[in-house]
Structure formats: C-alpha cells, structure tokens
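Undergrad: A predicted structure for the sequence below; I have some questions about it.
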Amino acid sequence: MKRDPNNPCLFCNIKESGVAHENDLAYASYDTYPVSDDHCLIIPKRHIKSYFDLTNDELIACNELIKIVKEEIILKDETVRGFNVGSNIEKTAGQSIMHCHIHLIPRREGDVDNPQGGVRSVIPKNQHYKR
C-alpha cells in the first residue's frame, strides 16, 4: 500500500525527508524522484501550502539555502552548466505534496535536445518560440 505523502505531511518530518542543509526557517533535501542528478528541494519548516504564503524571512531563508546548495552542486559536479528553480503551486500546476517546496534542478549540456524555453516546457506546445 502506497503511503500518502500528505497524511501525515512528509515535509513536516525533517528526519524522514533527510536534511542536506538547514537554517532556522528552512531545510534542503535531495529529491527522492530527481529530474536530474543532485535535484534538491528547499522546504520551509513551517507547514504552509504555497510559495506565496512564505513570509519575507522565510523567503530569505529559502534563498540562502538555494545559493548554498547551488555552490555545493557546482563544486562536486563540473558538468553542471545551469539550473532551473521553481515551485509547483496547487494541483493544477503539478503540486503533489501540499507543503511549500522549491525545486533546484541542475542542468547539464545535452540533457535535453533543445533546452530553449526552460520552465516554459511545463506546457510543451509553448516551450519553443521564435524571436
């Protein structure tokens, strides 16, 4: 039987999620279902549903961890050439764990045929565009 990650909330249990880095208001955990090697999640410690519910202090705390993890990834893997940063908000946008989390996804040359549009690929027909 599959466990519902929302009941109880997986991200409220820091020990179960795993901690790569943390500060007073947030923690970083490497994704269990990574899009790419070293895909990391930045998770506020307070249980809130959406990025838009973060306080300014929580935004700063999350951003500090994003920068720390980004540097750590670059130091350990010289093939990383870029990153995608994003948050899924509500089921319509793909959120499956209803506790705010921010994805930090390392990108490597050639990981997709044409990376143009980046996060725009959430709606595939709109990913590529002409200038």
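TA: Sure thing, it's come through. Note that the structure is predicted; figures quoted are calculated from it, not measured.
Undergrad: counting by contacts, list what the lowest-mean-pLDDT helix or strand in the chain packs against.
TA: Within the chain, no helix or strand scores below helix 14-17, which has a mean of 84 by mean pLDDT, DSSP states H and E. Helices and strands touching helix 14-17, by 3 or more CB pairs under 8 Å, 6 or more residues apart in numbering; DSSP states H and E, are strand 26-30. Where C-beta positions appear, they are placed from N, C-alpha and C, glycine not excepted.
Undergrad: switch the cut-off to 6 Å
TA: Here helix 14-17 touches no other helix or strand, going by 3 or more CB pairs under 6 Å, 6 or more residues apart in numbering; DSSP states H and E.
Undergrad: and the spatially most central residue of the chain, helix, strand or coil?
TA: With distances taken as CA atoms, centre = their mean, His103 lies nearest the centre of the chain, 1.0 Å away. Under the three-state scheme (DSSP: H, G, I helix; E, B strand; the rest coil), His103 adopts strand.
Undergrad: how about the one 10 residues further on?
TA: For Asp113, the assignment made with three-state DSSP gives coil.
Undergrad: so what's the residue count around it?
TA: 6 (other CB atoms under 10 Å).
Undergrad: one more: Asp111?
TA: Asp111 has 16 nearby residues by other CB under 10 Å.
Undergrad: identify the residue nearest it in space, chain neighbours excluded?
TA: Ser36 (6.3 Å; CB to CB, 6 or more residues apart in numbering).
Undergrad: so the one you found, which state does it fall into?
TA: Ser36 - assigned by three-state DSSP - is coil.
Undergrad: quick one on the thing from earlier: okay, and the beta partners of the residue nearest to the centre of the chain?
TA: In this entry, His103 is beta-bridged to Leu41, Gly86, by DSSP bridges.
Undergrad: my guess is it contacts Gly86. True?
TA: Yes. In this structure, His103 is within contact of Gly86 by CB atoms under 6 Å, at 5.4 Å.
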